[in-house]
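A.B. asks: Let's see this in three dimensions:
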Amino acid sequence: MLQEILEGMPESTFSAPVELQTNVTGLSEKTSLSHDDDPVKFSKNNESAEPAESQAQNLAEEQETAKKILKQVEFYFGDANLPTDNFLMKHVKSNDEGWVVLKVVAGFRKMKNLKPKSQKFVADSLRGSELLEVNAKGSLVRRRRPLPETLLLDIQERTVVAEHLGEHPTIKGLEEMFGKVGTVNTVRI
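C.D. replies: Numbers count the residues shown, from 1 in each chain. From the prediction side, this is the model:
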């Protein structure tokens with residue numbers, strides 16, 4: 001029956017070559033529709049198994065996302081940002097040991113834009129950090145070393161506020177512009 005249905009469909013219906021295997025009450029039926037020699041196979045539980053190339057690409061994308069997550073959260077908790085981030089600092093100070101609920105950090109706009117798969121994925125992405133540590137449950141994150149007390153004064157002394165930078169300034173553009181006259185640690189728009 002499956003073969004009759006599939007044979008009645010034009011080959012162009014499938015965006016990738018397809019090989020279906022079914023096992024109905026002990027009868028085995030194998031049907032192959034393909035416009036090349038590299039069929040996509042479906043597992044017995046009806047979940048599609050991705051071709052090796054696609055799996056490798058997905059793994060590479062996940063690794064890239066993990067690196068971006070690590071870089072972003074290290075920035076949030078870094079010496080240049082944390083002392084001036086009132087919201088995050090409030091969360092750090094609300095816990096005697098400096099732990100912040102990971103869901104709070106994962107809820108930041110830039111983190112949402114990275115589209116992490118799960119909170120566990122975010123926690124696992126941070127586990128290799130030299131700056132940060134994640135608790136065993138993967139629900140909390142904090143700096144490994146406390147923030148130096150004198151850092152806030154130092155940051156305030158070397159902060160520049162600039163206005164009238166055009167209609168749509170970018171962080172990269174401002175870093176390049178101000179980098180011509182000195183070292184730029186952080187740009188906020």
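
A.B. asks: Tell me the buried residues in the longest helix seen in the chain?
C.D. replies: The helix spanning the most residues in the chain, taking DSSP state H as the definition, is helix 52-77. For helix 52-77, the neighbour count (16 or more other Cβ atoms under 10 Å) marks T65, A66, K68, I69, L70, Q72, V73, E74, Y76, F77 as buried. To be clear about C-beta, it is placed using only N, CA and C from the backbone, and glycine gets the same treatment.

A.B. asks: List the residues that contact the third one.
C.D. replies: Residues near K68 by Cβ atoms under 8 Å, 6 or more residues apart in numbering: L114.

A.B. asks: per-residue pLDDT, it?
C.D. replies: If you check K68, the pLDDT there is 94.

A.B. asks: what's the spacing between it and M111?
C.D. replies: K68 sits 9 Å away from M111, taking Cβ to Cβ, to the nearest Å as the criterion.

A.B. asks: Ok, K71 next?
C.D. replies: Here the distance between K71 and M111 works out to 11 Å (Cβ to Cβ).

A.B. asks: same thing with D96?
C.D. replies: Shown here: D96 relative to M111, a distance of 25 Å by Cβ to Cβ.

A.B. asks: Between the two, point out the one with more neighbours.
C.D. replies: Taking D96 and M111 together and counting by other Cβ atoms under 10 Å, M111 has the greater number of neighbours (19 against 6).

A.B. asks: list the contacts for that one?
C.D. replies: The neighbours of M111, taking Cβ under 8 Å, 6+ apart as the test, are I69, Q72, V73, V105, V122.

A.B. asks: In three-state terms, label it for me.
C.D. replies: Counting by DSSP: H, G, I helix; E, B strand; the rest coil, the backbone at M111 sits in helix.

A.B. asks: And for E133?
C.D. replies: Assigned by three-state DSSP, the conformation of E133 is strand.

A.B. asks: so it touches L140, yeah?
C.D. replies: No: the pair E133 and L140 does not pass the contact test of Cβ atoms under 8 Å, sitting 9.0 Å apart.

A.B. asks: More neighbours: the two, which one.
C.D. replies: In terms of neighbours (other Cβ under 10 Å), L140 is the more surrounded of E133 and L140; the figures are 20 against 16.

A.B. asks: per-residue pLDDT, the more buried one?
C.D. replies: For L140, the pLDDT comes out at 96.

A.B. asks: Just give me the neighbour total for the nearest residue to it once chain neighbours are set aside.
C.D. replies: Take L140 and drop its neighbours on the chain: the residue closest to it by Cβ to Cβ, 6 or more residues apart in numbering is W99, 4.1 Å away. Look at W99: counted by other Cβ under 10 Å, it has 18 neighbours.
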